[in-house]
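Chemist: Mind looking at a prediction? Sequence and model below.
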Amino acid sequence: MSTQGGNLFSGLPDHPLAEEEYDPLLSHGPVRIERIVSTGQTAPETGWFDQEEDEWVCLLEGSARLEIEGEGERGLVRGDWLFLPAHCRHRVTYTQAAPPTVWLAVFMAQRRAG
């Protein structure tokens, strides 16, 4: 058995990224944890996420806006978190470019009946 660790704020870019940066931190059974770094990226108008997994997301730094289908747009600031059940259609409409927006996302696979 070995432990793993790191710092969520190390290695942040000091320049805009061409695309969001997804850093896998842990994958254990049905749970996957990622750090996501955004520098102004948004989803295109047709870019709705419709995921097979539940997602718990927390904004660690920066600010962002998410549009959630049927609920409208929601602004997020440091410390805000959301639980997005599987197939909750959503898209990112804004992320702060500098300093970078840092997200912590926890994905949980759906249990299958049977």
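Modeler: It's in.
Chemist: rest of the way, CA atoms for contacts and neighbours
Modeler: OK.
Chemist: Any regions of this protein where pLDDT drops low?
Modeler: Applying pLDDT under 70 to the chain flags residues 112-114.
Chemist: and with 80 instead?
Modeler: 1, 45, 110-114 (pLDDT under 80).
Chemist: which residues of it fall in strands?
Modeler: Remark: strands assigned in the chain by DSSP state E are 21-28, 31-38, 54-61, 63-68, 72-77, 81-84, 90-95, 101-108.
Chemist: Report the strands that pair with the third one, each with its relative direction.
Modeler: In the sheet containing strand 54-61, the strands it pairs with under DSSP bridges are strand 81-84 (antiparallel), strand 101-108 (antiparallel).
Chemist: With the first one instead?
Modeler: Partner strands for strand 21-28, per DSSP bridges, with pairing direction: strand 31-38 (antiparallel).
Chemist: Pull out the buried residues from the partner strand.
Modeler: By neighbour count on 16 or more other CA atoms under 10 Å, the buried set for strand 31-38 is 32, 33, 34, 35, 36, 37, 38.
Chemist: what do you get for stretch 57-73?
Modeler: 57, 58, 59, 60, 61, 62, 63, 64, 65, 66, 67, 68.
Chemist: now swap in stretch 35-51 and tell me
Modeler: 35, 36, 37, 38, 39, 40, 41, 42, 48, 51.
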